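Novice: Below is the sequence, then the predicted model.
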Amino acid sequence: MYFVLQEQNNGSIIYLDMMSLDKFLQDGQDPKIVEKIYGKIVDMLMHNESIHYIAVQKKPAVTLLPDSITISNKRIFLCEFTKLGLATNFEIFDWKEIKDIAFKEEIFGSKITVIPFTGENLSIDYIPKVQARRLYQLIKEALEEIKAGGDEDYKETSATEARPVTMPLREVPTQENPTGKPTAAAPQPDTYMSPPATQDHTYVTPSPTFVPPAAEKTVAAVEEEEEDELTRKLKKLKSLYDKQLITQAEYESKKAELLSKL
């Protein structure tokens, strides 16, 4: 038995073998609804992605195109038909975007709630209880696999960070290579390199204490200033005597006083 899967624009029709849908019709799903949902989602599958389960809403009242939840090995699809089936709203999440799944059994079916890490929770009610349980089981298993994979990545990363850092070997300075640098590298210009240490224990006479020129100049300036002051006073005293402004006795007395300060 075959179902019409999709009619192309050129009029050609793609047929789907009924046997390929059997695995989605184990829990009372409507074959025609599953066929329609499958035909829409199969066009959105990525490389190496396959559909694992389709749960279909079943309201007490007649519903031509009910809502559904489809899961693959990579994503989860929430499908809502609108405008009498002329339009379809999809909410699609990667498994890594799903934080958790919850369901509540009610009088007529169950309410499935998908809880993403960001954004609002999305719910579809009137999912048959058998399908809801199976859906919950498969989604939990997928989330556990994602979590286990994340834990392994974390362990691997932690192990990598814990590895000791290997530092490059340094060459030990020798007489042939006092700087410890690779012998192929020439010394930089204007770079002072101290001579290699000798082991003959030769006594070196210490050089005299170095006195900065500025300090020598300061001491000489002070001495010259003192000498000039004394000379100036003696010359002034002699000038007063020559001009007969003071007597010889006063001159000799004052001169002796000044000389006594030397």
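Specialist: Cool, the structure landed. Residues are numbered from 1 along each chain as shown.
Novice: what sits against Val56?
Specialist: Gln29, Asp30, Ile33, Val34, Ile37, Pro66, Ser68, Ile127, Pro128, Gln131 (C-beta atoms under 8 Å, 6 or more residues apart in numbering). In this view, the C-beta of every residue, glycine as well, is placed from N, C-alpha and C.
Novice: In helices, which of these fall?
Specialist: Within the contacts of Val56, residues falling in helices by DSSP state H are Ile33, Val34, Ile37, Gln131.
Novice: Those residues: which two are farthest apart?
Specialist: The largest distance within the ones in helices among the contacts of Val56, taken as C-beta to C-beta, falls between Ile37 and Gln131 and amounts to 13.0 Å.
Novice: These two - which one has more neighbours?
Specialist: The neighbour count for Ile37 versus Gln131, taken as other C-beta atoms under 10 Å, is higher for Ile37 (27 against 24).
Novice: Read off the pLDDT value for that one.
Specialist: With respect to pLDDT, Ile37 has a value of 90.
Novice: Report the beta-bridge partners for the nearest residue to it once chain neighbours are set aside.
Specialist: Closest residue in space to Ile37, ignoring its immediate chain neighbours: Ser68 at 5.2 Å, by C-beta to C-beta, 6 or more residues apart in numbering. Beta bridges link Ser68 to Val56, Cys79, judged by DSSP bridges.
Novice: who's in contact with Ser68?
Specialist: Residues counted as contacts of Ser68 (C-beta under 8 Å, 6+ apart) are Ile33, Ile37, Ile54, Ala55, Val56, Gln57, Leu78, Cys79, Ile124.
Novice: one step back: list just the nearest of the ones in helices among the contacts of Val56 to Ser110.
Specialist: After measuring these against Ser110 - C-beta to C-beta - the closest member comes out as Gln131, at 8.1 Å.
Novice: Check that closest one and give its pLDDT.
Specialist: Note on Gln131: pLDDT of 94.
Novice: Next: Asp94.
Specialist: pLDDT at Asp94 comes out at 94.
Novice: same thing with His201?
Specialist: pLDDT, His201: 55.
Novice: repeat for Tyr251
Specialist: 84.
Novice: Which parts of the stretch 1-150 of the chain are strands?
Specialist: Under the criterion DSSP state E, counting those that start in this stretch, the stretch 1-150 of the chain contains strands at 2-7, 13-17, 51-56, 68-72, 75-82, 87-94, 98-105, 110-116, 122-127.
Novice: Which one of those strands lies nearest to Lys23?
Specialist: Nearest to Lys23 among these is strand 51-56 (8.5 Å), distances taken as C-beta to C-beta.
Novice: could I get that closest one in CSV with only the CA atoms?
Specialist: Extracted as CSV, the C-alpha positions of strand 51-56 are listed here (Å, rounded to 0.1, in the frame of the first residue of the first chain):
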residue,chain,number,x,y,z
ILE,A,51,12.8,10.9,12.4
HIS,A,52,12.4,8.7,15.5
TYR,A,53,8.9,9.3,16.7
ILE,A,54,5.7,11.2,15.8
ALA,A,55,3.0,12.0,18.5
VAL,A,56,-0.3,13.3,17.3
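Novice: how big is the angle separating that strand from strand 110-116?
Specialist: 130 degrees (axes from the mean of the first three to the mean of the last three C-alpha atoms, to 10 degrees).
Novice: and strand 51-56 with strand 68-72, angle?
Specialist: 170 degrees.
Novice: thinking again about what came up before, which one among the ones in helices among the contacts of Val56 gets closest to Ile92?
Specialist: Out of these, the member with the shortest distance to Ile92 (by C-beta to C-beta) is Ile37, at 13.2 Å.
Novice: which residues does the closest one contact?
Specialist: Ile54, Val56, Ser68, Thr70, Cys79.
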